[in-house]
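Visitor: The sequence and its predicted three-dimensional model are supplied below.
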Amino acid sequence: MEALLRPHDIGATQWYVLYHLARDRPIRQRDLVELLQVERATLSAIVAALVRKGLVEQAPDPVDQRQKRLRMTAAGARRWKALPDPASIHDVAFKGLDPADVAAAIRVLQTATERLERFIERSRRRG
């Protein structure tokens, strides 16, 4: 994915931020932390880079002024439309494989991810 996006000066996590902004429209930065499962400081740096590139605007949330609301700019929307679809990676990676094997791999990875997320959540609650 990184190699696919590099010529467009966009990293994978930046792509995911743009994806959510294109899909969900304006979104609170705090909500992206949860969606992307990244640290706040990490997301802050990624958002700052997208703001510098003129692809994203950051403004106070109208409901809670302490929170930041992100919105894709017109330049960001143009860049988003020009970006390659990372789903093409799927075609390269899984071409010729038995669909049942791919489905089994997806189920295993989804289950493992869900278990890890539950483990992390329980660990956070314990302190």
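Guide: Perfect, thanks for sending it.
Visitor: So which residues of the protein form helices?
Guide: For the chain, the helices defined by DSSP state H cover 2-5, 12-24, 29-36, 40-52, 74-82, 87-94, 99-126.
Visitor: need those in JSON lines with mean pLDDT, mean neighbour count and distance to K68, can you?
Guide: C-beta: built from backbone N, CA, C; applies to glycine. Shown next, in JSON lines, are the helices of the chain (pLDDT from 0 to 100; neighbours: other CB atoms under 10 Å; distance: least, CB to CB, whole Å):
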{"stretch": "helix 2-5", "mean pLDDT": "82", "mean neighbour count": "12", "distance to K68": "24"}
{"stretch": "helix 12-24", "mean pLDDT": "91", "mean neighbour count": "17", "distance to K68": "12"}
{"stretch": "helix 29-36", "mean pLDDT": "89", "mean neighbour count": "16", "distance to K68": "4"}
{"stretch": "helix 40-52", "mean pLDDT": "94", "mean neighbour count": "15", "distance to K68": "8"}
{"stretch": "helix 74-82", "mean pLDDT": "94", "mean neighbour count": "13", "distance to K68": "16"}
{"stretch": "helix 87-94", "mean pLDDT": "74", "mean neighbour count": "10", "distance to K68": "29"}
{"stretch": "helix 99-126", "mean pLDDT": "87", "mean neighbour count": "10", "distance to K68": "23"}
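Visitor: Show me the one of those that comes nearest Q65.
Guide: helix 29-36 (13.1 Å; CB to CB).
Visitor: ok, the nearest residue to S44 once chain neighbours are set aside to R118 distance?
Guide: Nearest residue to S44 in three dimensions, chain neighbours excluded: Q29, at 7.7 Å (CB to CB, 6 or more residues apart in numbering). Here the criterion is CB to CB, to the nearest Å. By it, Q29 lies 25 Å from R118.
Visitor: what residues are up against the residue lying closest to E39 once chain neighbours are set aside?
Guide: Nearest non-adjacent residue to E39, counting by CB to CB, 6+ apart: V33, 7.5 Å away. Applying CB atoms under 8 Å, 6 or more residues apart in numbering, one finds that V33 lies in contact with 39-40, 43.
Visitor: What of R71?
Guide: Per CB under 8 Å, 6+ apart, neighbours of R71: 21, 25-26, 56-57, 59.
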